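>>> With the sequence up front, the predicted model follows.
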Amino acid sequence: MVDISSDKSKIPALVDALDRKLTYLRISLTDKCNFRCFYCYGSAQEIERTAKLSLMSSTEIVDLIKVFGSLGVNKVRLTGGEPLLNPSVVDIVRNISEIPGIKQIGLTTNGFLLKEKLSELIKAGLNRLNVSLDSLEREKFCEVTGVDGLPQVLEGLRAARDSGAFQRVKVNTVVMRGVNDSEVGNLAKWSLENGFELRFIEYMPTRNTLNHAKKHISEADIRSKIDLELQPDIGNLTSAGPARTYKVDGYPGRIGFISALSQKFCESCNRLRLKADGRLVGCLFRDNSVDLISMLRSGMSLDDLAYFVRNLVAKPEFKDEADFTESGFRPEMKTIGG
Ligand code: SAM
Ligand code: SF4
């Protein structure tokens, strides 16, 4: 049994069947969203179905993070749906910051409510920030998200950068052929000049991506759209893992790539995901989630849950490598959180 209150050095880490050490947990704080991104949000029937899901309370979220903290997880990321719609988001961040062992607390947001919540979040202990932004053109932004929100998102981004609370504010851009691929060059230049770290994300086949094959564009093609003088040089690679980011001489910002299709990164995957309905997910592209929240609600102690989780993740049927071009399973991003 793992004692939640015991000395961390004695606690066995979470290791999966492929010998990967799992130190990173993403938690979806809600499946609700104030945007309607066409590739994510889903049909009216789906929205009705997810509206019936029973979501985790903020106390339950923090209790489950304590379980993972006791097992060596040191990085958590709050996502959604739109995590800033959870009315307890600031309290959740504050309570996580008091959990021993959790060093990084990140947020992935669409940025619409960022400016108004930023200082409270920083005070509560938020220290990593990713903002999703698929277009710098106001009309296109509105077409993609269903909301005329570009000026507000840019204000939030600038406020976050100028706060000095984050080593780097990251920007996530999903690149889609015929939608925003013509903006790749502009987005790269904007990020480099304005001190952001923008990562171009290959479009993945998820539950609501219609015509995925037509819209998908590979990293090589994305790179070819960046001006020659701004081309990332392999010698300036600043990170390993899913996101490979580069400095470009003479600019404060960075650009990078997250290419789940053309540069599969399963071998370095160190993450688990907790869905908004309290199910634990081992792999984004496998339909094998486990209902952790019901165990907590049935009165299981946090120690017993930790013991259960450690054994669960070691099973190959829970956490192995999924070839999502073949697996056929399409995750619903707003419940899982990306
Ligand atoms: N609402 C927040 C946001 O948009 O940042 C957090 C949740 S959203 C599901 C997390 C990330 O998943 C966003 O950056 C979004 O662009 C990305 N995403 C959603 N569907 C995707 C897909 N099919 N392929 C690649 N990224 C996707
Ligand atoms: Fe909402 Fe994020 Fe999905 Fe867009 S990508 S609909 S902002 S959850």
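That came through, no problem. Ligands and ions are numbered 1, 2, ... in the order given.
>>> So Val309 sits against Leu71, correct?
Yes - counting by C-beta atoms under 8 Å, Val309 touches Leu71, with 6.4 Å between them. Just so you know, the C-beta spots here come from the backbone N, C-alpha and C atoms, and that holds for glycine as well.
>>> Show me whatever sits in contact with both of those two.
Leu14 (C-beta atoms under 8 Å, 6 or more residues apart in numbering).
>>> ok, the residue of the stretch 51-200 of the chain found nearest ligand 1 - contacts?
In the stretch 51-200 of the chain, the residue that lies nearest ligand 1 is Ser132 (3.4 Å; C-beta to the nearest ligand atom). Taking C-beta under 8 Å, 6+ apart, we find Ser132 in contact with Thr108, Thr109, Asn110, Gly111, Val171, Asn172, Thr173, Val174.
>>> What are the buried residues along stretch 285-292?
Phe285, Arg286, Asn288, Ser289, Val290, Leu292 (16 or more other C-beta atoms under 10 Å).
>>> Flag every residue of the stretch 151-300 of the chain that's near ligand 1.
Neighbours of ligand 1 within the stretch 151-300 of the chain, by C-beta under 6 Å from any ligand atom: Asn172, Val174, Ile201, Tyr203, Met204, Thr206, Thr209.
>>> If we use 8 Å, what do you get?
172-174, 201-206, 208-209, 212, 260 (C-beta under 8 Å from any ligand atom).
>>> ranges for the helices of the stretch 201-338 of the chain?
212-215, 219-223, 292-297, 302-313, 324-327, 333-336 (DSSP state H, counting those that start in this stretch).
>>> about what we covered before: can you redo the contacts of Ser132 as a markdown table, where the extra columns are secondary structure, neighbour count and pLDDT?
Putting those into a markdown table (DSSP: H, G, I helix; E, B strand; the rest coil; neighbours: other C-beta atoms under 10 Å; pLDDT from 0 to 100) gives the following:
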| residue | secondary structure | neighbour count | pLDDT |
| --- | --- | --- | --- |
| Thr108 | strand | 22 | 98 |
| Thr109 | strand | 25 | 98 |
| Asn110 | coil | 27 | 98 |
| Gly111 | coil | 26 | 98 |
| Val171 | strand | 26 | 98 |
| Asn172 | strand | 20 | 98 |
| Thr173 | strand | 23 | 98 |
| Val174 | strand | 23 | 97 |
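>>> Going by distance to Lys275, which of those residues wins?
The shortest approach to Lys275 among these belongs to Thr108, at 14.5 Å (C-beta to C-beta).
>>> Name all residues that make contact with that closest one.
Here Thr108 is in contact with Arg77, Leu78, Thr79, Gly80, Pro83, Asn130, Val131, Ser132, Asn172, Gly337, Gly338 (C-beta under 8 Å, 6+ apart).
>>> Now do the same contact list for the last one.
What that stands for is Gly338. Arg26, Thr79, Thr108.
>>> Now narrow those residues to whatever sits close to ligand 1.
Within the contacts of Gly338, those near ligand 1 by C-beta under 8 Å from any ligand atom are Thr79, Thr108.
>>> So which of the contacts of Gly338 is the closest to Leu296?
Nearest member of those to Leu296, counting by C-beta to C-beta, is Arg26, at 18.2 Å.
>>> Which residues does the strand or helix carrying that closest one contact?
According to DSSP states H and E, Arg26 maps onto strand 24-28. Applying C-beta under 8 Å, 6+ apart, the external contacts of strand 24-28 come out as 61, 64-65, 68, 73-81, 83, 270-276, 334-338.
>>> Listing partners with orientation, what would you give for that strand?
strand 75-79 (parallel), strand 271-274 (parallel) (DSSP bridges).
>>> Show me where this structure has its strands.
24-28, 75-79, 104-109, 128-132, 170-175, 197-202, 243-247, 254-258, 271-274, 279-281, 290-291 (DSSP state E).
>>> closest one to Asp16 among those?
strand 271-274 (9.2 Å).
>>> quick one: is that closest one near ligand 2?
No - if you take C-beta under 8 Å from any ligand atom as the test, strand 271-274 misses ligand 2, and the best it gets is 14.1 Å.
>>> any idea of the mean pLDDT in that strand?
Throughout strand 271-274, pLDDT has a mean value of 94.
>>> Could you measure from Lys123 over to Gly80?
21 Å (C-beta to C-beta, to the nearest Å).
>>> same question but for Gly178, I mixed them up
Taking C-beta to C-beta, one finds Gly178 at 27 Å from Gly80.
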